[in-house]
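Trainee: using only what follows, build the 3D model:
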Amino acid sequence: MNLLRSQRSLSSNYQYNLALTLQETTLTKLHEFFKLGSDLGSNRPLLFLSAIAGFSLILTSAKPAAAAGIIGNGTAGSCTESALTAALVGGGTVSFNCGSSPVTIRVSSEKLIAANTLIDGQNLVTFDGGGKNRIFKTLGNGIQLTVRNSTIANGFTTDEGGGIYNGYRGKLAVINCKFTNNVSTRGGEFDGGGAIYTQSESTVFVDKSTFTGNKAGNGGAINNLLSNLTVTNSTFSGNQSTVSGSGGGGGAIYYDGGNGDSGKIVLRNNTFTNNTAVFQGGAVFSQLYKNNTSAIENSTFSGNKVTGTGNQGFGAAIFNSGGASTVLLTVSNSTFTGNMASNQGGAVSNANSARLNIINSTFSGNRAESGDGKGGLGGAIMRTNGKITITNSTIADNYAGFQGGGIVGDGNVTLKNTIIANNRANNGGNNWNIKHNCFSAMTNGGNNLQFPANNSNDPNDPACTSGITTADPLLGALTNNGGATQTRALLTGSPAINKGNNNTCPTIDQRGVTRPQGGTCDIGAFEVK
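Mentor: Have a look, this model is predicted:
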């Protein structure tokens, strides 16, 4: 897979540098600096100043062409497609004066971006492809396109990227935008990107945007090929991956490698709801290579599904795969609830050589269940290959149609300060009454808690780890207990309180509460104050 993708990238040895600088609008306080990749061919870094918390976007690389100016004379009728086409020639900054009411510009032919361009719709302009045409396409080779405060709707292509196609080595920034009902129908093994498609060796930054009802083979909303991708503070709802053969999925986001050997993917402070795929990754499909890393942080996954039958239906929220044991996906401070896989991994599935670290996260009410109710492995988490480490997480009340209501794993899965409780397995409709919480014994990293106990009289029902403590953790319902994501509180008298290991507990809990609160940290994702 990597070889095929590399051939399409034209040159996998060339990399670009992107520095993302987040700064207050006063421009006096540095908020965040995030460097992706390295620049082997240019000494001019591209700085994006995001719109987060009122920040402005600044492009500090080579200046774009002279400003294209303002489209319109104050009336809706003056904001036409022909005016847009003319304004985009030569690049620069394009804004709109269409009056105070929302206006829709019908795009009857895709708009080619051949020079550095910033398009600002002032939260009033919708670019509508009418279900027949892609909206924007950059010509690649370093072209920078920034789209902000705009709606991109009903884009359509038989190629890739129904809304925006970001060309080879492109730099794309999308800020405070809405992508609705954009479609790509290209049916290749790796093709897709209903809203956004990114060609290789590129950099993409998305902030404060919503993606609703977009559809494609791979990556119903976003398809990212061998490029660095950062998505923050955004919402993905009702997007769909339609591919049913081998290769991918990703109802919301599909990424196939970062930019270069050390490429990075960051998804932070996002919400994924009711996205679907047939094959893998109802919300997110993650494929990494060599020293690629990915981080999914402070995010919520709810109601996502993988629906395929037979050798399909893996990872209702996230499917993680890796071409080498050096790749790493870290999931932290996130909540998975109500996700449903028709085969394996009601929330997360890990495959091939990939490493997966799960920290301070809550898995509650996820299901792995076939249509007849008798199949399904790993109600919350499924390991088919690779190594998984789970630290200070809460895995409770998940369900599997066959076995491993909580986790399917083995010695390649290590648990630290983690609660596994009240998960249930249907055992294929048989009355075996085994493997409810865990499918087999995993590695004990210390200070874990299981409830109820396994059946010690049945050798087919091992404890989740050797030496694990068995006790009811006394969990509250999944609710807003503070922080960015919902959690399950430890109720008064919980045996998980002050029973963790300070040497392996993170310094904060899932909500951001400092650990420890009582001298010794608590087991699970929630720290009692």
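Trainee: state whether residue 525 is indeed within a strand.
Mentor: No. With DSSP: H, G, I helix; E, B strand; the rest coil as the criterion, residue 525 is located in coil rather than a strand.
Trainee: the nearest residue to residue 322 once chain neighbours are set aside: how many residues sit nearby?
Mentor: Among residues not flanking residue 322 along the chain, residue 354 sits closest, at 3.0 Å (Cβ to Cβ, 6 or more residues apart in numbering). To be clear about C-beta, it is placed using only N, CA and C from the backbone, and glycine gets the same treatment. If you count neighbours by other Cβ atoms under 10 Å, residue 354 ends up with 27.
Trainee: wait, isn't residue 354 in contact with residue 321?
Mentor: Yes. The criterion here is Cβ atoms under 8 Å, and residue 354 meets it with residue 321 at 5.5 Å.
Trainee: report pLDDT for the residue nearest to residue 322.
Mentor: The score at residue 354 is 95. That number is its pLDDT.
Trainee: quick check: phi and psi at it.
Mentor: phi -60, psi 150 (degrees, to the nearest 10).
Trainee: report the contact partners of it.
Mentor: Residue 354 makes contacts with 286, 288, 320-322, 327-329, 385-386, as judged by Cβ atoms under 8 Å, 6 or more residues apart in numbering.
Trainee: which ChimeraX command selects the buried ones in those?
Mentor: In ChimeraX syntax, the buried subset of the contacts of residue 354 is picked out as below (16 or more other Cβ atoms under 10 Å):
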select :286,288,320,321,322,327,328,329,386
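Trainee: format the contacts of residue 354 as a markdown table; extra columns: distance to residue 274 and secondary structure.
Mentor: Output for those, formatted as a markdown table (distance: Cβ to Cβ, whole Å; DSSP: H, G, I helix; E, B strand; the rest coil):
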| residue | distance to residue 274 | secondary structure |
| --- | --- | --- |
| 286 | 20 | strand |
| 288 | 26 | strand |
| 320 | 21 | strand |
| 321 | 23 | strand |
| 322 | 27 | strand |
| 327 | 29 | coil |
| 328 | 28 | strand |
| 329 | 23 | strand |
| 385 | 29 | coil |
| 386 | 28 | coil |
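Trainee: and which of the contacts of residue 354 is nearest to residue 528?
Mentor: residue 329 (29.2 Å; Cβ to Cβ).
Trainee: can you get me a residue count around residue 310?
Mentor: 9.
Trainee: checking it next. Helix, strand or coil?
Mentor: Classification of residue 310 by three-state DSSP places it in coil.
Trainee: identify the residues contacting residue 525.
Mentor: Going by Cβ under 8 Å, 6+ apart, the list of residues near residue 525 reads 360-362, 392-394, 487-488, 509-510.
Trainee: mind running it again at 10 Å?
Mentor: Residues in contact with residue 525 (Cβ atoms under 10 Å, 6 or more residues apart in numbering) are 332-335, 358-363, 391-395, 417-419, 483, 485, 487-490, 506, 509-511.
Trainee: check which helices and strands the host helix or strand of residue 356 sits against.
Mentor: Assigned by DSSP states H and E, residue 356 belongs to strand 355-359. Under the contact definition 3 or more Cβ pairs under 10 Å, 6 or more residues apart in numbering; DSSP states H and E, strand 355-359 sits against strand 293-297, strand 318-322, strand 328-332, strand 348-352, strand 381-383, strand 387-391, strand 413-416.
Trainee: what about whatever helix or strand comes next after that strand, distance to the chain center?
Mentor: Using DSSP H and E, the helix or strand that directly follows strand 355-359 along the chain is strand 362-364. Taking Cα atoms, centre = their mean, to the nearest Å, one finds the center of strand 362-364 at 17 Å from the center of the full chain.
Trainee: quick one: the strand holding residue 356 to strand 328-332, angle?
Mentor: 10 degrees (axes from the mean of the first three to the mean of the last three Cα atoms, to 10 degrees).
Trainee: sheet-wise, list the partners of strand 355-359 with their directions.
Mentor: Counting by DSSP bridges, the strands paired with strand 355-359 are strand 328-332 (parallel), strand 387-391 (parallel).
Trainee: ok, residue 389 to residue 341 distance?
Mentor: Residue 389 sits 22 Å away from residue 341, going by Cβ to Cβ, to the nearest Å.
Trainee: who's more crowded, those two?
Mentor: Remark: of residue 389 and residue 341, residue 341 carries more neighbours, 37 against 18, as counted by other Cβ under 10 Å.
Trainee: tell me what the more buried one is bridged to.
Mentor: Under DSSP bridges, the beta-bridge partners of residue 341 are residue 306, residue 368.
Trainee: roughly how far apart are it and residue 222?
Mentor: Counting by Cβ to Cβ, the gap from residue 341 to residue 222 is 21 Å.
Trainee: likewise residue 443?
Mentor: Counting by Cβ to Cβ, the gap from residue 443 to residue 222 is 35 Å.
Trainee: so the two - more neighbours on which side?
Mentor: Using other Cβ under 10 Å, the more surrounded residue of residue 443 and residue 222 is residue 222, with 34 against 17.
Trainee: and the residue sitting furthest away from the middle of the chain, what element?
Mentor: The outermost residue of the chain relative to its centre, with distances by Cα atoms, centre = their mean, is residue 457 at 42.1 Å. Using DSSP H and E, no element contains residue 457; it sits outside every helix and strand.
Trainee: from now on call the first residue 266
Mentor: Yep, numbering from 266; the last one is residue 722 now.
Trainee: give the buried residues for stretch 718-727.
Mentor: For stretch 718-727, burial by neighbour count (16+ other Cβ under 10 Å) applies to 719-720, 726-727.
Trainee: now render those residues as TSV, adding distance to residue 430 and pLDDT.
Mentor: Putting the buried residues of stretch 718-727 into TSV (distance: Cβ to Cβ, whole Å; pLDDT from 0 to 100) gives the following:
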residue	distance to residue 430	pLDDT
719	53	94
720	56	90
726	53	96
727	51	95
